[in-house]
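Asker: what follows is a predicted structure for the sequence shown.
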Amino acid sequence: MRLKNTLLPLVALFALALVVAATTLLPRVLGVTRILAAVSCNQTFGGYEPWDTLVERDLSVLGDLDPYVSLRPDSADRSVSGRLLGIPVTTAVYHPGYGCVSADSPGDKLAKHRAELGEGMPLARAETAFPRLNAFIRDEFEQYGDETSNGVNHRAFVVLHGGEIIAEHYAPPFGPATRFSSQSMAKSVNALLWAAADMRGLLDLDGPVAAPEWDAADPRQAISNRHLLDMVSGLDFDENYEMDLFSQFFDMILSGDLGHFAANLKLVHTPGDRWYYSTADANLSGRTLGFKLAERGYSVHRFADEALFRHIAADPVELQIDNAGSFWAGSAVHMTTLDWARLGQLVLDGGIYRGEQLLPAEFLGELAVPLPQSRGWYRSSMWLNRSLDFGEERQLAPGLPDDTISFSGFQGQKVHIIPSKDMVIVRFGRTDGEGGSDVYKRLIADAYELTLEEAASAPLDVAGEVAEGSPDAR
């Protein structure tokens, strides 16, 4: 009888633990599996990264999860299935232009469109006038281009000066056809789309956010679209990227409906008062962009192609959607390195391409003045190099001028636009830890200095042939 009385509570406790695990932990492990399937699907079928390279360099987390979680690509269906303990639990399917979404999402209902692309912004080549710069970058790629064990892995690097390509380098198997993932540089693309649509009278940057979750009396109605771009919404969100299955950031990704998740966050500060970097703000902004454009008969993808990318991009640009069909504006735009450079050049040129104002000059001009609440860091989803809180060592881009405007993404994805020197610098790769961050920042700073040195002694006419892609065959 005593043994029975002792065992019963233990059995009950064990049963309770199983219930808790099944109701809390299991859904999150399933969520990790869905996320890994979608990411790997995008990189393989949207970005053209070889599967073996993806698994070896980007999905090292699978080693920690083995044998619990595994992924299997299907080239015929352009999909990746995620398995838990060998049992298929999710499938991410690739849709051109929209990225990879779960098979049970509205992906199959998406319009299969692609705007007619032009030749892309022509970029002349002048690499031969910058031999020291190119030799330096080649040396860096030889040292840091094939693995991440040393904390950094360079994959692509482009420098434009005076609208010409003066350096373009890739670490195999990556190349000019690779569509690299933006990470948080998507936030800057979202802001440019908002500015372009506002300029055309399709929506109002200073108007209210479209959030059907809020009734007329909701204090969140005071949040404007510009508040979201500036990251001063006042919504309560913890921007924490740690691999914590119970973090708020993970909750948002797991939700599948990113804008809806953000719209349900509590208001903890008066809109406009406090700057806090928030991917939730960007995701709500991306969903609102879709809502507002739909009222005028556009999808985000159609508008982006017609207003912007068909003019400057040489290859199709992928605007990722979430499982609810909304533009994933916080972290998911995919395009080639040269097309990222072309977008930076368009910003550098004041939004004008071949005499046409694609982006509003006033919006771009305002980027010269940091948002006061950000203490010099930020404005309109762009990072600035004018921090008032720290010295040069805490600048986003140490060694670059104060007027640098940057698209910036996780693990060192960068587009640096330098108006005072007529330069654009683009870097893609992986970075792990502070050491890796120091390496890629030094690469960028040294490339900038070498460009200035060699430009000072370069012939006046160094333009080469117009480049449609890269020195390598596509």
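Answerer: Perfect, thanks for sending it.

Asker: quick one: find the helix or strand in the protein with the lowest mean pLDDT.
Answerer: When the helices and strands of the chain are scored by mean pLDDT, DSSP states H and E, strand 466-467 comes last with a mean of 44.

Asker: output the contacting helices and strands for the strand or helix carrying residue 94.
Answerer: Assessed by DSSP states H and E, residue 94 sits inside strand 87-95. The contact analysis (3 or more Cβ pairs under 8 Å, 6 or more residues apart in numbering; DSSP states H and E) places strand 87-95 against helix 26-41, strand 79-84, strand 99-102. Every C-beta, even on glycine, is put in place using the N, C-alpha and C of the backbone.

Asker: how about these in a markdown table, adding mean neighbour count?
Answerer: What follows is the helices and strands packed on strand 87-95, written out as a markdown table (neighbours: other Cβ atoms under 10 Å):
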| stretch | mean neighbour count |
| --- | --- |
| helix 26-41 | 20 |
| strand 79-84 | 21 |
| strand 99-102 | 26 |
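
Asker: out of these, which comes closest to residue 202?
Answerer: Judged by Cβ to Cβ, the one of the helices and strands packed on strand 87-95 that comes nearest to residue 202 is strand 99-102, at 23.6 Å.

Asker: strand partners (parallel or antiparallel) of the closest one?
Answerer: Applying DSSP bridges, strand 99-102 is found paired with strand 87-95 (antiparallel).

Asker: which residues touch the partner strand?
Answerer: Strand 87-95 has contacts (Cβ atoms under 8 Å, 6 or more residues apart in numbering) with 30, 33-34, 37-38, 40-42, 45-46, 77-83, 100-103, 107, 110.

Asker: quick one on the thing from earlier: starting at the chain centroid, how far to the strand holding residue 94?
Answerer: Averaging C-alpha positions (Cα atoms, centre = their mean, to the nearest Å) puts strand 87-95 22 Å from its chain's average.

Asker: avg pLDDT for it?
Answerer: Taken as a whole, strand 87-95 has an average pLDDT of 89.

Asker: report the angle between it and strand 79-84.
Answerer: Computed with axes from the mean of the first three to the mean of the last three Cα atoms, to 10 degrees, the direction of strand 87-95 lies at 160 degrees from that of strand 79-84.

Asker: now strand 87-95: buried residues?
Answerer: 90, 91, 92, 93, 94, 95 (16 or more other Cβ atoms under 10 Å).

Asker: and stretch 399-416, by the same measure?
Answerer: Within stretch 399-416, judged by 16+ other Cβ under 10 Å, the buried ones are 399-400, 404-409, 411-416.

Asker: where's the dip in pLDDT among those?
Answerer: Ranking the buried residues of stretch 399-416 by pLDDT, residue 411 lands last with 89.

Asker: excluding chain neighbours, what is closest to that residue?
Answerer: residue 431 (4.5 Å; Cβ to Cβ, 6 or more residues apart in numbering).

Asker: phi, psi for the one you found please.
Answerer: When read as degrees, to the nearest 10, the backbone of residue 431 gives phi -140, psi 130.

Asker: so who does it touch?
Answerer: Counted by Cβ under 8 Å, 6+ apart, residue 431 has contacts 151, 152, 153, 411, 412, 437, 439, 440.

Asker: whichever of these end up buried, select them in PyMOL.
Answerer: Paste this into PyMOL to select the buried members of the contacts of residue 431, with burial taken from 16+ other Cβ under 10 Å:
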select buried, resi 151+152+153+411+412+439+440
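
Asker: no further queries at this time; thank you.
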